[in-house]
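Enquirer: Pasted the sequence and its predicted model underneath.
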Amino acid sequence: MLKRRTLRFLSERDLPRRYEQPSFVSSTLALPNHVWFTPEAIIFDAISVYVAVPWLWQVFKRAVPIFVFRILALVLLSLLVVSPKVQAESSTTDAVKSIPIQNKQVIQIATKITADQAPVTRWPVPFSYLSSRFSAYHKGIDIPSKYGQLVYPFKLGKVIFAGWDGGFGKIVVILHEDGFVSKYAHLSAIRVRKNQEVSTKTVVGNVGVTGYATGAHLHFEIHTKDGAADPLYFLP
Ligand SMILES: [Zn+2]
């Protein structure tokens, strides 16, 4: 019986009749002033602000021991002091990371800007990516490049071969100090002669597809006294 009455009371059918409230009066802000400033409202406000809030604060203070406040204060202080630094560092890191070019290129660009004199070592062509890495069966790296791209020695040296060599196509071989030898293969044109001394600013040739090559790229090898080595160890 009671349940039935309660249900009736809560049923939506009864609500409009019991609370004759227009639908647009949806918040207390819409109440007229005479409702806000009734004596009851003023007394209720006074009690809540001047009694309830200080009382709650006292309860809170007693409930939480003082050392917790100190720890909280320290944490807040350290956050205020440390977080701007951390943020600054992370944003710098992000800025570096967000440079949309690879590290090798950054180095290349930095080298290009700062060095009017020839750099000690350099990439023979601008670094793009490696289409083939160094291995036992491929004794160099393949750097895809645009056809005709200028090719530079990776280091100061002297040309010991410039011409055609089977699968390498047009190739330039340069001898460096300590018996290092570098090779630049599949060139479309050779721009140096045998015995010519070259620096890292001398154009030795142009990228091409001569010999055994599919697509314009530079096949680049470095040989030490011990044999072929991975050029990535020696490039900047
Ligand atoms: Zn290759």
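Expert: Received the coordinates, thanks.

Enquirer: residues from this protein in reach of the ion?
Expert: With the criterion set to CB under 5 Å from the ion, the chain comes near the ion through D142, H219. C-beta: built from backbone N, CA, C; applies to glycine.

Enquirer: any idea how the chain splits into domains?
Expert: The chain breaks down into these structural domains: 2-61, 107-233 (assignment by automatic domain parsing).

Enquirer: Comparing the ones you listed by mean pLDDT, which bottoms out?
Expert: If you rank the domains of the chain by mean pLDDT, domain 2-61 sits at the bottom with a mean of 63.

Enquirer: For the chain, which residue gets nearest to the ion?
Expert: Taking CB to the ion, the ion has its nearest neighbour within the chain at H219, 3.5 Å off.

Enquirer: so what's the residue lying closest to that residue once chain neighbours are set aside up against?
Expert: The spatially closest residue to H219, leaving aside those adjacent along the chain, is A185, at 3.9 Å (CB to CB, 6 or more residues apart in numbering). With contact set as CB atoms under 8 Å, 6 or more residues apart in numbering, A185 has these partners: G140, D165, F168, G169, K170, I171, G211, A213, L218, H219, F220, E221.

Enquirer: On the secondary structure side, give me the element for D45.
Expert: In this structure, D45 sits in helix 39-47 according to DSSP states H and E.

Enquirer: what's the angle from whatever helix or strand comes next after that helix to helix 39-47?
Expert: Per DSSP H and E, the first helix or strand lying C-terminal to helix 39-47 is helix 53-63. Here helix 53-63 runs at an angle of 30 degrees relative to helix 39-47 (axes from the mean of the first three to the mean of the last three CA atoms, to 10 degrees).

Enquirer: okay if I get the domains of the chain as TSV plus distance to R70?
Expert: As requested, those are exported to TSV (distance: least, CB to CB, whole Å):
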stretch	distance to R70
domain 2-61	13
domain 107-233	49
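
Enquirer: Could you say which of these is packed most deeply?
Expert: For the domains of the chain, the stretch with the most neighbours on average is domain 107-233, a mean of 17; neighbours defined as mean count of other CB atoms under 10 Å.

Enquirer: Over to stretch 162-180 now: how far is its first residue from its last?
Expert: Between the opening and closing residues of stretch 162-180 there is a gap of 17 Å (CA to CA, to the nearest Å).

Enquirer: same deal with stretch 172-187?
Expert: Terminal residues of stretch 172-187 are spaced 8 Å apart (CA to CA).

Enquirer: do stretch 194-213 as well
Expert: Stretch 194-213 has its terminal residues 24 Å apart, counting by CA to CA.

Enquirer: And for stretch 189-202?
Expert: Across stretch 189-202, the terminal residues are separated by 14 Å (CA to CA).

Enquirer: which outside residues touch it?
Expert: Counting contacts by CB under 8 Å, 6+ apart, the residues outside stretch 189-202 that touch it are 118-122, 152-163, 170, 172, 174, 203-206, 208.
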